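> just to be clear, the model below is a prediction. Sequence and coordinates:
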Amino acid sequence: MNWLLAILSVLALDAAVFWLLLRRRNIHIWFLPWLRRQLFGPFARPRVLHVVLADHWEPYYQQVAKAHAHERVRRWIEGYEQLAPKHRDGRGRHPVHSYFYPVEEYDEEILDRLAEHCRRGFGDVEIHLHHDNDTHDHTRDTLANFARLLHRRHGLLRQRDGRPVYGFIHGNWALDNSRPDGRWCGVDDEIDALLQSGCVYDMTLPSAPSDTQTRRINSIYWTREDGRPRSHEHGRDARVGASGSSDELLMIQGPLGLNLRNRKAGIMPRVDGGEISADAPPDETRVALWVDAGVHVIGAPEHVFVKLYTHGLQEKNLEAFFDQGVLDRLYTSLEEYCARHGIDLRYETAWEMYQAILSLIEGREPERRVYS
């Protein structure tokens, strides 16, 4: 009996230590949903892999001077336009980039240059926002005014029912006032503010290891404002034949899981939330994890969606992407994985991914345009 108690005590201690380690990285928020999904599915076996690289593209990161910000933009655009044509997806299209541009960093000259870059076929622009201690009306008006500015002055975004519409990523991950301390947002009904300003989809998540991470992971779903913080904890799965309503926002999550082959100190699996950076370079092991996350529209598991993210204009990432070959390795890893598994790889902008999801929800196959 003493031996049995000793064994049980050791197991209990190990479990307690493991749970403490999970809490240190906020893994406890989503660990059980991830484990349940690993054990019981749903499992998606892709025929088509839709890939987006959503960039929190911040020219003035760390409040640098104007000349410094413009130099970052020059380095990025020249580097990307040299690299992208070296790669092709299953339709013959080179990679395209999704620039989520921060409202508070508006610079007319940078946006003009970025718009021309996009018109040359290298990407698209959506909206990013950092704010704090804000209000519903101010958030709504700030976003709506910026969307109109991007559309009217720079020829960006699209229109629906006579107004610009856009996709969104929240700064500091604090969507719908989701930080426990209420910082970096302040708007408990931000989902409604987004909808009222013309937002039609959100790509903020995953946010792990931040405590803003939701329990719901690896999902595409419709969420509705409930008047409390973290409304997007809840929602209904996007599924074939079930369109959204005017008071619902489409949440497009990137992959999130534990990389069991890459452990800190050989013990703790690393969190993989689809970040691409100098500190999180890509490889085919990671590609397999993103695919296995199985983010899809219910009823159309043959289409898997992989939303990756980066902060491309941070100096260490600029250097890694273009001087150390990190972006080149990302595209090579994706192309080789898909070729080996017979998967139709599609490089898309965030807006195109949103459109592909809507097509599946409406029961239509997403358009497969072939590029020469």
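The structure has been received and is ready for your questions.
> for the chain, which spans come out with low pLDDT?
For the chain, the stretches with pLDDT under 70 are 1-24, 262-267.
> what about 90?
Residue ranges of the chain with pLDDT under 90: 1-29, 31-45, 260-270, 372.
> which stretches of it form strands?
Applying DSSP state E to the chain gives strands spanning 48-56, 97-102, 123-129, 158-160, 163-170, 199-202, 220-224, 236-237, 248-252, 257-264, 268-272, 303-310, 344-347.
> could those strands go into a markdown table alongside mean neighbour count and distance to residue 140?
In short, each C-beta sits where N, CA and C put it, glycine included. Below are the strands of the chain laid out as a markdown table (neighbours: other CB atoms under 10 Å; distance: least, CB to CB, whole Å):
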| stretch | mean neighbour count | distance to residue 140 |
| --- | --- | --- |
| strand 48-56 | 24 | 21 |
| strand 97-102 | 24 | 17 |
| strand 123-129 | 24 | 11 |
| strand 158-160 | 11 | 17 |
| strand 163-170 | 22 | 12 |
| strand 199-202 | 22 | 10 |
| strand 220-224 | 21 | 17 |
| strand 236-237 | 14 | 24 |
| strand 248-252 | 22 | 13 |
| strand 257-264 | 15 | 35 |
| strand 268-272 | 17 | 33 |
| strand 303-310 | 24 | 25 |
| strand 344-347 | 22 | 33 |
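> which among the ones you listed is found nearest to residue 318?
strand 303-310 (10.6 Å; CB to CB).
> quick revisit: can I get the strands of the chain in TSV with distance to residue 34?
TSV is the format used below for the strands of the chain (distance: least, CB to CB, whole Å):
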stretch	distance to residue 34
strand 48-56	21
strand 97-102	26
strand 123-129	27
strand 158-160	35
strand 163-170	22
strand 199-202	21
strand 220-224	16
strand 236-237	17
strand 248-252	17
strand 257-264	6
strand 268-272	10
strand 303-310	17
strand 344-347	25
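> closest to residue 328 out of the ones you listed?
strand 48-56 (13.0 Å).
> now do that closest one against strand 303-310, angle only.
Computed by axes from the mean of the first three to the mean of the last three CA atoms, to 10 degrees, the angle separating strand 48-56 from strand 303-310 equals 20 degrees.
> listing partners with orientation, what would you give for strand 48-56?
When pairing is defined by DSSP bridges, strand 48-56 lines up against strand 97-102 (parallel), strand 303-310 (parallel), strand 344-347 (parallel).
> so which of the strands of the chain comes closest to residue 292?
Comparing the strands of the chain against residue 292 with CB to CB, the closest turns out to be strand 257-264 (7.6 Å).
> what about the residue lying closest to residue 75 once chain neighbours are set aside, distance to residue 196?
Of all residues not flanking residue 75 in the chain, residue 318 sits nearest, at 5.7 Å (CB to CB, 6 or more residues apart in numbering). In this view, residue 318 and residue 196 are 36 Å apart by CB to CB, to the nearest Å.
> repeat for residue 182
Per CB to CB, residue 182 is found 22 Å from residue 196.
> then residue 140?
For residue 140 relative to residue 196 (CB to CB), the value is 5 Å.
> with residue 37 instead?
In terms of CB to CB, residue 37 sits 33 Å off from residue 196.
> would you map the helices across the chain?
With helices called from DSSP state H, the chain shows them at 2-24, 31-40, 66-83, 108-117, 136-154, 190-197, 284-292, 315-322, 326-341, 350-361.
> now those as a markdown table including mean neighbour count and distance to residue 238?
Output for these, formatted as a markdown table (neighbours: other CB under 10 Å; distance: least, CB to CB, whole Å):
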| stretch | mean neighbour count | distance to residue 238 |
| --- | --- | --- |
| helix 2-24 | 10 | 29 |
| helix 31-40 | 13 | 16 |
| helix 66-83 | 16 | 31 |
| helix 108-117 | 17 | 30 |
| helix 136-154 | 17 | 23 |
| helix 190-197 | 23 | 16 |
| helix 284-292 | 19 | 18 |
| helix 315-322 | 18 | 31 |
| helix 326-341 | 18 | 23 |
| helix 350-361 | 21 | 6 |
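> hmm, residue 295 and residue 42 touching each other?
No - using CB atoms under 8 Å, residue 42 is not in contact with residue 295; the gap is 10.7 Å.
> between the two, who's got more neighbours?
Ranked by neighbour count (other CB atoms under 10 Å), residue 42 and residue 295 place residue 295 first, with 24 against 11.
> phi, psi for the more buried one please.
Dihedral angles of residue 295 (phi, psi; degrees, to the nearest 10) stand at phi -70, psi 120.
> show me what contacts it?
Residue 295 makes contact with 44, 218-220, 253-255, 304-307 under the criterion CB atoms under 8 Å, 6 or more residues apart in numbering.
> ok, of those residues, which one's closest to residue 161?
Distances from residue 161 to the contacts of residue 295, taken by CB to CB, are shortest for residue 220, at 23.4 Å.
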